[in-house]
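Visitor: Have a look at this fold, sequence not included:
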Ligand SMILES: [Zn+2]
């Protein structure tokens, strides 16, 4: 059952939120040992939230737009009293004394958070293999990765444990696992969704976004969590956009750019899917324009300096003084070092090292400074493209879900799996991945739709056209 | 080539308060050099006149009013501390004053 | 104390002042001194994972007020992260302004007529505080330290002077004038003893006419006296070192008040690499004309102007009176003096009472200006002795009211001239030897008779009236 149907049923008193939560718990328990999706199942919290919704319905009060809909939260989102780890030993056992703005908004809308899902440690990875608590398996083929870093949230929806999930996307961490798990994943415009309570990886790139099994559910979830938040200085000063009411706007009369740099290097079956998607959009009345944005080729280099630089500073606070792990030593500096050495995994250390180096005296201009200028060029290149077209189209990933261990020995090979998603984060714009076609081993393919800042309504409308075509076929 | 040396990697580890074994030092030197080499495509560009973008959007003057909001309960705060004493976070001895 | 002939010192000061906002710089926790440890903390100022800073508007206004008072240029500015590990800094970076500070350029004119340039006055956040457990209570030798984050995130403005100062006395004068200016803007309470104003001094020496020498930075001087002594010691140390064939090493030094010496804290080669970069969680600051105008309009006259106005009321001022005027201005209590002057009262008495009795009281809200003016008038007319006047003011400060009624309730009604004459006559008769010496010109004995009269009248007599009576009978 999709989220919209569930919420409608609960609001009408035809479905019980408590029953839906129990069913979700059963689905989670049925496969969690096998797939390692949830790091923490918050049974008590979920049942209490569901009971509050049922009670509101019984009292005739408005239970909210997501009344009774079970949702999974990536374990880098703070929820008061619920263990939050970022899949890292360094935060193991920490229970935040406050909740993220998105969590408060979900609860306000009657959604029922079921627990916290696995991710690459501190969201640094593309497969969940860097999680300190073991990888998540792809529900469609447990020998393969679900993608990452929000692999647990994508798998929760793909395995029908919850109809909705939240992830965070710094360089593709929502869109890439959505593609690999065959669901919809959205990276909203930077600032559209409050980051307050999202444990930072790279602050100028991070953005929370929805996962859902269909476009309409994702649109509804984004409407609920978006909108200005005074607790986040980078939050856009405007209310949540209307998305659901524009789902059927179609693409007639729109110009959509098929970007060479967003398919070059992808497997043939992926390129084929993107070209078929272009044909579907054209058939629906859009004009497809083939174009090239050469600046996008520099995205990976800029990203792998900017994100680690910010991360090196964001992750300094894990020092054993105030919360989380402490490994004792004779003096405080030695304690900091022992704690961080024991608490962080190899990928996190690698990125902290890279970022520290890129910011250090003598190298700043050559690396970090230059990367920020490339970022300017990338943003300008996107803006120029959007003077000519309304949306862009490309692949989400170079390949379908890969097998465990196939990229873990070569960081650069793993980083390359984000090559198509990274530019959007650098430019602060919006993009989504929608399932379109199948590839090797009948595994799903995602195509990516990209738009300028605040173009979510247009993106969802175009994604609906592709989704309808897929359902019809 | 970035020409990253093992000594530089060791220095960076110290700045980041990480202790690396000899093997890790060797591995990170190779891996980080490879990532930095990939960035060479970017470094060859002449971007002297380009303004750096640290923020995706040009918001300015985001401020809040100077109004007191409730603080956290101290017990809740210290409950998360690895070591606490006398209402404070306790740490091993501090070598040297703050810079 | 001066340096050997041919030498001069070059000093620049970095003054950190906490701002008197209601809340911290980036969160809604109270900015309050002296609260129980870790009670004014929240996710933001504890640096908890996921928390984000939001800038306090009032802190920006106060920083601009400081900039305007120092004739600085207010410009669009940004925030950076200064990265280093220290347990009293919860994020292990400090949010500060770096290459684009809110205020740059400017100057401060000192009472001795000299002018010290201001390079910048920027916003940054304060750290928490650690206390060291162990025998000494100091950082060295401590086994364990305890950290309190109540001060973490309190807004600071750091004011950096140019290297224009040439003596310890001038440094002290600069710090004291700057303190008066900060208090006058309302941005700071200037309480050095509570750490709300702290000073680092950059000191170097050179032979006159030579280029600047290598400088040492003395950290955390927390009184004007320490500032003066530390600079003097450090300049002499450097001259002695160079004259002895040595070389000054660029380093950070610590001033030990009890020993009266500076010592090495950290040499430059050990300096941290702070890896400054733009704080991505905050946006640019560019106060518009309206905001700047509203700050400018709220600024009153600065201390130099107010001091001159007060001296003009006195006609001329002794050193003690100048000190008293400084206190009156620091506390912003000039209105009592001006009210006295406007009523034609005795300004000298008014200045003395404000600088002493009102200053000691702290809270003056219950003392009405006209009640103060009336009390001064009673004192200057001899209806109240100085002691009685102070007692009346103490009452008025505590509970308010009318000075005539308070004086009456305390039994401070003056004796009539007739009954005073009778008492003086009786006492002269009882002490003929002393009276004879007084009549012979020994004026000191006036005090003897005043004491007797006061004892006899239980303090109700007026000293001046007694002297007049004595002289009339001599
Ligand atoms: Zn706070």
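Guide: Alright, I've got the coordinates. If you're wondering where the values come from, they're calculated on a predicted model, not measured in any experiment. Residues are numbered from 1 along each chain as shown, chains lettered A, B, ... in the order given.

Visitor: which phi and psi does whichever residue of chain B sits closest to the ion have?
Guide: The nearest approach of chain B to the ion comes at residue B:71, 6.2 Å away (Cβ to the ion). (Each C-beta comes from the backbone N, C-alpha and C, glycine too.) Main-chain dihedrals, residue B:71, degrees, to the nearest 10: phi -90, psi 180.

Visitor: Need the pLDDT of it.
Guide: Note on residue B:71: pLDDT of 98.

Visitor: For stretch A:105-124, buried residues please.
Guide: A:105-107, A:109-124 (16 or more other Cβ atoms under 10 Å in any protein chain shown).

Visitor: Just give me the residue right at the centre of chain C.
Guide: Closest to where the C-alpha atoms of chain C average out (Cα atoms, centre = their mean) is residue C:190, at 4.7 Å.

Visitor: Name the nearest residue to the residue most central in space within chain B, sequence neighbours excluded.
Guide: With distances taken as Cα atoms, centre = their mean, residue B:16 lies nearest the centre of chain B, 6.8 Å away. Once flanking residues are discounted, residue B:16 sits nearest to residue A:356: 4.6 Å by Cβ to Cβ, 6 or more residues apart in numbering or on different chains.

Visitor: isn't residue C:94 right next to residue C:123, touching?
Guide: No. In this structure residue C:94 lies outside contact range of residue C:123 using Cβ atoms under 8 Å: 11.4 Å.

Visitor: list the contacts for the nearest residue to residue A:376 once chain neighbours are set aside?
Guide: Nearest-residue entry for residue A:376: residue B:53, 4.2 Å, with adjacent residues in sequence omitted and distances by Cβ to Cβ, 6+ apart. When contacts are counted by Cβ atoms under 8 Å, 6 or more residues apart in numbering or on different chains, residue B:53 touches A:372, A:373, A:375, A:376, A:379.

Visitor: Surely the fourth one touches residue B:52?
Guide: So that's residue A:376. Yes. Proximity of residue A:376 to residue B:52 meets the contact threshold set by Cβ under 8 Å, at 6.5 Å.

Visitor: which one of these two has more residues nearby?
Guide: Set side by side, residue A:376 and residue B:52 show more neighbours around residue A:376, with 19 against 15, by other Cβ atoms under 10 Å in any protein chain shown.

Visitor: Now do the SS call for the more buried one.
Guide: helix (DSSP: H, G, I helix; E, B strand; the rest coil).

Visitor: same deal with residue A:248?
Guide: Residue A:248 - assigned by three-state DSSP - is coil.

Visitor: Starting from chain B, give me the distance back to the nearest residue in space to it that is not next to it in sequence.
Guide: Leaving aside its sequence neighbours, residue A:248 sits nearest to residue A:464 (Cβ to Cβ, 6+ apart; 6.6 Å). Going from residue A:464 to chain B by Cβ to the nearest Cβ, to the nearest Å gives 26 Å.

Visitor: residues contacting the spatially most central residue of chain A?
Guide: The C-alpha lying nearest the average C-alpha coordinate of chain A belongs to residue A:174 (Cα atoms, centre = their mean; 2.5 Å). Shown in contact with residue A:174 (Cβ under 8 Å, 6+ apart): A:150, A:154, A:167, A:168, A:185, A:186, A:187, A:209, A:210, A:211, A:433.

Visitor: can you map out the strands along chain B?
Guide: For chain B, applying DSSP state E gives strands covering B:63-64, B:84-85, B:88-92.

Visitor: I meant to write the stretch 251-400 of chain C there.
Guide: Along the stretch 251-400 of chain C, the stretches classed as strands by DSSP state E, counting those that start in this stretch are C:251-256, C:261-267, C:277-278.
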